[in-house]
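A.B. asks: For reference, the sequence and a predicted model appear below.
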Amino acid sequence: MDNDTRTRCIMEFYEIYPLSRKLVFDTFDQKKYHVTRTQQIVLLSLSVSGQLNMSQLASKINTSNEQATRAVAQLVEMGFVQREHQEGNRRVVNIKLTPQAEDFMKKMKAEIHDELLRRFSNVSDEDMSKLYDALVQVSAVLKQVTDI
């Protein structure tokens with residue numbers, strides 16, 4: 001594959017990224033849960049990954065350790081996240097969702113799911129099948145070039 005094709009792919013990422021973020025985060029915003037965008041990303045990341053240490057979380061959400069720490073501190077105060085020191089190395093702090101946050105995320109994922117089903121309801125089954133296949137391929141390729 002030549003660099004021209006790679007460049008076209010990169011340009012499509014510029015188109016897809018804000019669209020996909022908007023689809024997911026609009027549902028959070030519509031519900032007025034008073035959770036910042038960074039907090040939303042932390043919650044979604046932890047709900048998918050389970051437990052992460054602070055460096056892993058910062059890498060996964062593509063932010064600094066300081067910004068991730070700030071978002072986590074606010075989520076701890078809200079009762080959504082708990083910190084646990086790793087046995088054998090107390091400097092490593094693992095982060096995970098509390099049962100309250102797990103319930104919240106289950107509800108939010110259901111609401112996001114329902115909202116996305118509504119938005120995709122006018123898309124043909126054939127187009128949805130093509131989209132699914134494309135998303136599986138995109139996910140597989142992105143996993144090859146990322147470190148998360």
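C.D. replies: Yes, it's here.
A.B. asks: Name every strand pairing with the biggest strand by length in the chain and say which way it goes.
C.D. replies: Using DSSP state E, we find that the single longest strand of the chain is strand 89-97. Sheet pairing for strand 89-97, assigned by DSSP bridges, gives strand 52-53 (antiparallel), strand 81-86 (antiparallel).
A.B. asks: Helices along this structure, start to end?
C.D. replies: 3-31, 37-49, 54-60, 65-78, 99-119, 125-145 (DSSP state H).
A.B. asks: so which of the ones you listed gets nearest residue 91?
C.D. replies: Of all the helices of the chain, it is helix 54-60 that lies closest to residue 91, at 10.2 Å by CB to CB. Every C-beta, even on glycine, is put in place using the N, C-alpha and C of the backbone.
A.B. asks: so what does the closest one touch, helix or strand wise?
C.D. replies: Secondary structure elements in contact with helix 54-60, counted by 3 or more CB pairs under 8 Å, 6 or more residues apart in numbering; DSSP states H and E, are helix 37-49, helix 65-78, strand 89-97.
A.B. asks: which of those sits most buried?
C.D. replies: Highest mean neighbour count among the helices and strands packed on helix 54-60 (mean count of other CB atoms under 10 Å): helix 37-49, with a mean of 19.
A.B. asks: Kindly calculate the angle that that helix makes with helix 99-119.
C.D. replies: Interaxial angle, helix 37-49 versus helix 99-119 (axes from the mean of the first three to the mean of the last three CA atoms, to 10 degrees): 100 degrees.
A.B. asks: returning to that earlier point: if you compare the strands paired with strand 89-97, which one is most tucked away?
C.D. replies: Most buried of the strands paired with strand 89-97 by mean neighbour count (mean count of other CB under 10 Å) is strand 52-53; its value is a mean of 19.
A.B. asks: Name the residues that touch that strand?
C.D. replies: Identification of contacts with strand 52-53 by CB atoms under 8 Å, 6 or more residues apart in numbering yields 45, 46, 60, 86, 92, 93, 94, 95, 96.
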